[in-house]
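Undergrad: Prediction below, plus the sequence it came from.
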Amino acid sequence: MTGKGWSHVNLGTLDMDATRAFYEGVLGFPAVRCDIIDVKEGGQIRHVFFDTGRKQLLAFMEPRGVPGVPVEFDGGLNRPLGMPEGVYHLAFEAGSQTELEAKRAELIRKGVKVTPVVDHEWAKSIYFKDPNGLLLEYSYQCREFNADDGVIQLRFEMSFAAESPITDFRDR
């Protein structure tokens, strides 16, 4: 079998309705499979798969009344694990500079707080959050990789402080 990318990533949500409204209505990812799962030990799970393109799916589970599952949890991933903002995030392909800028403008029009375009030298990105607090990114590769890119080495310095480029969500 050859690598074909990932099938799906599955995450948790406390509010499937808000999650579905965001991923369908704001990002334009259609829900392609929606299940209700009865849990034998009690409770139910709503499970929705969103098509992000190229047969790659993003899914969310919303457990309700399931024994041993917390009633409240932080779906943002970084805070509950004690990690700096930005360590755990999902990045979607933007395609080009023009498409990245258009997506940024669209998100702002839809009321989403988005960072300015961040230049990573090999890629450019914008960052924003979903209703669960999960950090999301749209990015595109702005140059081909070379042999030097595959060598682990010090390349730059950054801050995980509240005002860093990937965590500054003030309106721009």
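TA: Great, that's in hand.

Undergrad: Distance from the chain centre to the lengthiest helix in the chain, please.
TA: Longest helix in the chain by number of residues (criterion: DSSP state H): helix 97-109. Offset of helix 97-109 from its chain centre (CA atoms, centre = their mean, to the nearest Å): 16 Å.

Undergrad: and that helix, average pLDDT?
TA: Summarised as a single mean, pLDDT over helix 97-109 is 98.

Undergrad: could you say what helices and strands that helix packs with?
TA: strand 123-129, strand 135-141 (3 or more CB pairs under 8 Å, 6 or more residues apart in numbering; DSSP states H and E). Any C-beta I mention is one placed from the backbone N, CA and C, and that applies to glycine too.

Undergrad: That helix to strand 135-141, inter-axis angle?
TA: Helix 97-109 and strand 135-141 are oriented at 160 degrees to each other (axes from the mean of the first three to the mean of the last three CA atoms, to 10 degrees).

Undergrad: who touches helix 97-109?
TA: Identification of contacts with helix 97-109 by CB atoms under 8 Å, 6 or more residues apart in numbering yields 26, 94, 114, 117, 124-126, 128, 138-140, 142, 171-172.

Undergrad: okay but Val48 is in contact with Ile36, surely?
TA: No: Val48 lies out of contact with Ile36 (CB atoms under 8 Å); the separation is 10.1 Å.

Undergrad: worst-scoring helix or strand of this protein, pLDDT-wise?
TA: The weakest-scoring helix or strand in the chain, judged by mean pLDDT, DSSP states H and E, is helix 78-81 (a mean of 89).

Undergrad: just the CA coordinates of that helix, formatted as PDB?
TA: Extracted C-alpha coordinates of helix 78-81, given in PDB (Å, rounded to 0.1, in the frame of the first residue of the first chain):
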ATOM      1  CA  ASN A  78      -3.400  22.800  24.300                       C
ATOM      2  CA  ARG A  79      -4.600  24.100  27.600                       C
ATOM      3  CA  PRO A  80      -5.700  20.800  29.100                       C
ATOM      4  CA  LEU A  81      -2.300  19.300  28.200                       C
END
